[in-house]
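> sequence and predicted structure below; questions after.
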Amino acid sequence: MTDHNQVTYDVVAPSRSDAPPVPHARITLDAPRRRNALSAALLDGLRAALDRAAHDDVHAVVLAASGPAFCSGADLTEALADGMTASARRLADVLRDLLALPKPVVARVHGPVRAGGIGLVAACDVAVSADHITYAFTEARLALAPAVISLAVLPRMTPRAAQRTFLTGAQFTAAEAAGWGLVTSAVPAEALDAEVNAVLDGLAAADPQGLAATKELLNADTLARFDARVDDVVTSSADLFASPRARAAMEKLLAR
């Protein structure tokens, strides 16, 4: 196990003896006391881990998290202190890395996900969620918008679902997330690993060249839109985080 600044990286053997003998990489968000908030350190560690997975002899990547939450979104303490210009760009880079990685990425979502964390889930090729958890795009309630993550989220979700959840900031269930296309499946918590392993076994049966070419085909339109709009949404995100209304809302939330 190697520590990548709040991110761990492991190469994992197949879970069953009769499965194809091809390992996968497991990347774990590992800042549980901060609910895996998207700090600069965590985002840099995640990029480094994805780069390692691209070059390792693995057929797929599992994106997981430690602690009770999968990801709480942006690190608001860091945003208030340092602004979001650099971190918005870091998040955009991570989302693009997930979409463009020449190996499939499977999200193992065991705990609640908020705001920017949903962007990570959306950028994965397959997302398996525990059915008891909740999701929420909380940005609008903090005088913000889900600007950067929209590049990964909007190609997945139905338009009406995106409008409702983006505008209200209300929580929604894993079953709703699956119905709207945000996650692939919602399963009981005790079946989460079995479902992830079933996906991995299916991926291991495919040829690496076929996986890379197919993923490129599937994500071509999303990446084209991403590259055309990324500079604008990074600027918009940084400007919103720097606004007096957003700073006041973040300060109030952190003071609770």
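Cool, the structure landed. Worth saying up front: this structure is predicted, and the values here are computed from it rather than measured. Residues are numbered from 1 along each chain as shown.
> how far does stretch 121-137 sit from the chain's center?
Relative to its parent chain, stretch 121-137 has a centroid offset of 8 Å by C-alpha atoms, centre = their mean, to the nearest Å.
> quick one: end-to-end distance for it.
Across its full length, stretch 121-137 reaches 13 Å end to end, with C-alpha to C-alpha, to the nearest Å as the criterion.
> list the buried residues of that stretch.
Within stretch 121-137, the residues that count as buried by 16 or more other C-beta atoms under 10 Å are 121-131, 133, 135-137. Heads up, the C-betas are built off the backbone N, CA and C, glycines and all.
> secondary structure class for residue 27?
Assigned with DSSP: H, G, I helix; E, B strand; the rest coil, residue 27 falls in the strand class.
> quick check: bridge partners of it?
residue 9, residue 63 (DSSP bridges).
> test my guess that it contacts residue 50.
Yes. Between residue 27 and residue 50 there is a contact under C-beta atoms under 8 Å: 7.0 Å.
> overlap in contacts, these two.
Counting by C-beta atoms under 8 Å, 6 or more residues apart in numbering, the shared contacts of residue 27 and residue 50 are residue 61.
> show me what contacts residue 158?
Counting by C-beta under 8 Å, 6+ apart, residue 158 has contacts 180, 181.
> against residue 69, how distant is it?
In this view, residue 158 and residue 69 are 25 Å apart by C-beta to C-beta, to the nearest Å.
> next helix or strand past the longest helix seen in the chain?
When the chain is parsed with DSSP state H, its longest helix is helix 208-242. Next helix or strand after helix 208-242 toward the C-terminus (DSSP states H and E): helix 244-254.
> show me what the mean pLDDT comes to for that next one.
Regarding helix 244-254, the rounded mean pLDDT is 96.
> what's the answer for stretch 198-205, then?
For stretch 198-205, the per-residue pLDDT averages 95.
> ok, and what's touching it?
Contacts of stretch 198-205 (C-beta under 8 Å, 6+ apart): 14-16, 19-20, 22, 24, 59-60, 62, 104, 106, 126, 128, 211.
> now do stretch 244-256
Under C-beta under 8 Å, 6+ apart, the answer for stretch 244-256 is 76, 77, 79, 80, 141, 142, 143, 144, 240, 241.
> how does it look with 6 Å?
Residues from elsewhere that reach stretch 244-256 (C-beta atoms under 6 Å, 6 or more residues apart in numbering): 76, 80, 142, 143, 144, 240.
> which ones among those lie within helices?
The subset of the contacts of stretch 244-256 located in helices under the criterion DSSP H comprises 76, 80, 240.
> can you pick the most crowded of those?
Highest neighbour count within the ones in helices among the contacts of stretch 244-256, by other C-beta atoms under 10 Å: residue 76, with 21 neighbours.
> so who does that one touch?
250, 254.
> for residue 161, see how far away it is.
In terms of C-beta to C-beta, residue 76 sits 26 Å off from residue 161.
> and for residue 144?
19 Å.
> neighbour-wise, which of those two wins?
residue 144 (25 against 17).
> quick check: end-to-end length of stretch 146-163?
So stretch 146-163: terminal residues 11 Å apart, C-alpha to C-alpha.
> now do stretch 149-163
14 Å.
> and the average pLDDT for that stretch is what?
pLDDT averaged over stretch 149-163 gives 98.
> check which residues of it are buried.
So, applying 16+ other C-beta under 10 Å, buried residues of stretch 149-163: 149, 150, 151, 152, 153, 154, 155, 156, 157, 161, 162.
> residue contacts, the last one?
Same thing as residue 162. residue 154.
> distance from the chain centre to the host helix or strand of it, please.
Per DSSP H and E, residue 162 falls inside helix 159-168. Centre-to-centre, helix 159-168 and its host chain are 19 Å apart (C-alpha atoms, centre = their mean).
> what about the helices in the stretch 51-200 of the chain?
76-82, 85-100, 116-123, 150-153, 159-168, 174-179, 192-204 (DSSP state H, counting those that start in this stretch).
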